[in-house]
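Trainee: I need the structure of the sequence given here:
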Amino acid sequence: MSKGALASLAHYTAPIRRFGTSPLARHLVLALGLMAMTALTVPRLQNDAGAWLRACLWCCLGYFAVDSAGRVGAAFRAGTATSHVLSASGLVDILSVVPVPVALLCGTAPPTAWLFAALWIFKLAQDSPGFAQLGRVFVREAKPLASVLVLFLIVLFLASAAMHVVERGGQPAAFGTLPAALWWAVVTLTTTGYGDEVPHTPLGHLIGAVVMICGIATFGLWTGILATGFAAESRRHNFIQTWNLVSKVPFFQTLDPAAITEITHMLRRVDVPERTAVIRRGKVGDCMYFIAEGEVQVEVDATPVRLGASAFFGELALLGDSIRTANVSTTKPSTLLVLDLADFRTLTAHHPELARAIDAEAKRRRDEIQHRRDLAPDDGVAASRAKRSGTTS
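Mentor: As a prediction, the model looks like this:
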């Protein structure tokens, strides 16, 4: 009976456990924990609700400990425990659990120790694939970024030394030492402009103007390098996904890599919401669709057909039959890759082997349609005879 009770309990608590391991649950706990940590730094709230805030923080810490243990357990079962612990995700798990208890054990005051809960914010990086993509951009663009950093340091030290020489006589407190001049150079080069230290001499004004212009140019270079690298990484990722999808299409599998690459560049991406019509029967078609993500339903005959990722539809528009023969709609949010008829014809002109494959596919489909038409009258007669036989019996 105990096993049955445990099985029943596991069945009824399964939705709760699935929600508890979802990114949404982690984000909710993270938001709750950060708000409690922030409120604990307010003296009035600390006095009035300090016990409740600390209890909330302990619950959030316990949740992150269980979540981290689950990740380590999954990695251990997969034989990748060491690589997981040494990875960025494993480091985030350690930072979300260890610092606060260690600080409390070392005798740190609870309001100060709980400030380490700010490290929980790194949990957002675990559920965002964009951070991994950004990391790859930093790795790929390391040399250009380092070159701009060297330029920044050169301008920084030259400007601080020049301002030290020019302004130290009139402003010994602000520019009398090189570290003080460095502070001015950093503030000016980053275009922050606090105004606590400003040059008074005409030459100092000229140096300051040059430093501000160099600062704008330096950060513009950094921004351009990162933006270009991020866009290139996104295109590379999308190209690989599209390539894998196109290479699975039956009459594209005989093509060489150059032809598949050309097709991949011609495809355009369309994000379609759930329950949205993509193709309507009777309309003129001038493109075909590949399903990158999601699912569509094709309304043919009496039983609709559902197509998932890597499938394609609407290909008759590329095979000479421009009239759509079925309605197609999405059953969930989907990402479709569209290949226009004009681009496809250009491609077949450049690659005769693709044209031959299309002609063979068109002939096969025409023969199949004609075969169905030939069988249709016989099916009707057979159905009528069966109906009369059933009535007389």
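Trainee: The longest helix belonging to the chain: what's the following helix or strand?
Mentor: Across the chain, the longest stretch assigned as helix under DSSP state H is helix 202-247. Reading on from helix 202-247 to the C-terminus, the next helix or strand found by DSSP states H and E is helix 257-266.
Trainee: Listing partners with orientation, what would you give for the very next helix or strand once past that following helix?
Mentor: Towards the C-terminus, the helix or strand next in line after helix 257-266, according to DSSP H and E, is strand 268-272. Strands that pair with strand 268-272, judged by DSSP bridges, come out as strand 327-340 (antiparallel).
Trainee: Past the partner strand, which element shows up next along the chain?
Mentor: Heading C-terminal from strand 327-340 (DSSP H and E), you reach helix 341-350.
Trainee: Buried residues of that following helix, list them for me.
Mentor: D343, F344, L347, T348 (16 or more other Cβ atoms under 10 Å). (C-beta placed from N, C-alpha, C; glycine too.)
Trainee: Dump those into JSON lines; add distance to R44 as well.
Mentor: As requested, the buried residues of helix 341-350 are exported to JSON lines (distance: Cβ to Cβ, whole Å):
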{"residue": "D343", "distance to R44": "66"}
{"residue": "F344", "distance to R44": "69"}
{"residue": "L347", "distance to R44": "70"}
{"residue": "T348", "distance to R44": "75"}
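Trainee: can you tell me which of the residues you listed lies nearest to A36?
Mentor: D343 (55.6 Å; Cβ to Cβ).
Trainee: ok now do that closest one, which residues does it touch?
Mentor: M266 (Cβ atoms under 8 Å, 6 or more residues apart in numbering).
Trainee: Residue ranges of each domain in the chain, please.
Mentor: 2-127, 140-235, 250-377 (automatic domain parsing).
Trainee: Quickly, which of those bottoms out on average pLDDT?
Mentor: Note on the domains of the chain: domain 250-377 shows the lowest mean pLDDT, a mean of 77.
Trainee: all strands for the chain, in order.
Mentor: 268-272, 277-279, 287-299, 305-307, 312-313, 327-340 (DSSP state E).
Trainee: Looking at these, spot the one closest to W114.
Mentor: strand 327-340 (39.7 Å).
Trainee: Check which residues of the closest one are buried.
Mentor: N327, V328, S329, T330, T331, S334, L336, L337, V338, L339, D340.
Trainee: So the fifth one sits against V296, correct?
Mentor: Right, the one you point to is T331. Yes - here T331 lies in contact with V296, judged by Cβ atoms under 8 Å, at a distance of 6.6 Å.
Trainee: which neighbours do the two share?
Mentor: R306.
Trainee: For L57, list the residues it contacts.
Mentor: G33, A36, M37, L40, V100, W114, A117.
Trainee: could these go into JSON lines alongside neighbour count?
Mentor: Compiled in JSON lines, the contacts of L57 are given as follows (neighbours: other Cβ atoms under 10 Å):
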{"residue": "G33", "neighbour count": "25"}
{"residue": "A36", "neighbour count": "22"}
{"residue": "M37", "neighbour count": "21"}
{"residue": "L40", "neighbour count": "21"}
{"residue": "V100", "neighbour count": "24"}
{"residue": "W114", "neighbour count": "24"}
{"residue": "A117", "neighbour count": "22"}
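Trainee: what comes into contact with stretch 269-282?
Mentor: 238, 285, 289, 292, 294, 296, 299, 313-314, 323-338.
Trainee: now swap in stretch 213-230 and tell me
Mentor: With Cβ under 8 Å, 6+ apart, stretch 213-230 has contacts from 133-134, 137, 140-141, 144-145, 148, 151-152, 155, 159, 188-191.
Trainee: Could I get the buried residue list for it?
Mentor: C214, G215, T218, L221, W222, I225, L226, G229, F230.
Trainee: and if you look at stretch 112-128?
Mentor: Buried-residue list, stretch 112-128, by 16+ other Cβ under 10 Å: A113, W114, L115, F116, A117, L119, W120, F122, K123, A125, Q126.
Trainee: OK, contacts around the residue lying closest to the third one once chain neighbours are set aside?
Mentor: Distances taken as Cβ to Cβ, 6 or more residues apart in numbering place M37 nearest to L115, at 7.0 Å, with adjacent residues excluded. Residues touching M37, when contacts are defined by Cβ under 8 Å, 6+ apart, comprise L57, W114, L115, A117, A118.
Trainee: Let me know which of the domains of the chain is the nearest to T242.
Mentor: Nearest of the domains of the chain (Cβ to Cβ): domain 250-377, 4.7 Å.
Trainee: before we move on, the earlier item: which pair in the contacts of stretch 213-230 spans the largest distance?
Mentor: Across these (Cβ to Cβ), the longest gap, 35.3 Å, separates Q133 and A159.
Trainee: The two: who's more crowded?
Mentor: A159 (24 against 15; other Cβ atoms under 10 Å).
Trainee: Provide a list of residues in contact with that one.
Mentor: A159 neighbours (Cβ under 8 Å, 6+ apart): A185, T188, L189, I207, V210, V211, C214.
Trainee: Quick one, which of the residues you listed are buried?
Mentor: Looks like the contacts of A159 have A185, T188, L189, I207, V211, C214 buried, using 16+ other Cβ under 10 Å.
Trainee: check contacts around the second one.
Mentor: In this case it means T188. Contacts of T188 by Cβ under 8 Å, 6+ apart are A159, G208, V211, M212, G215.
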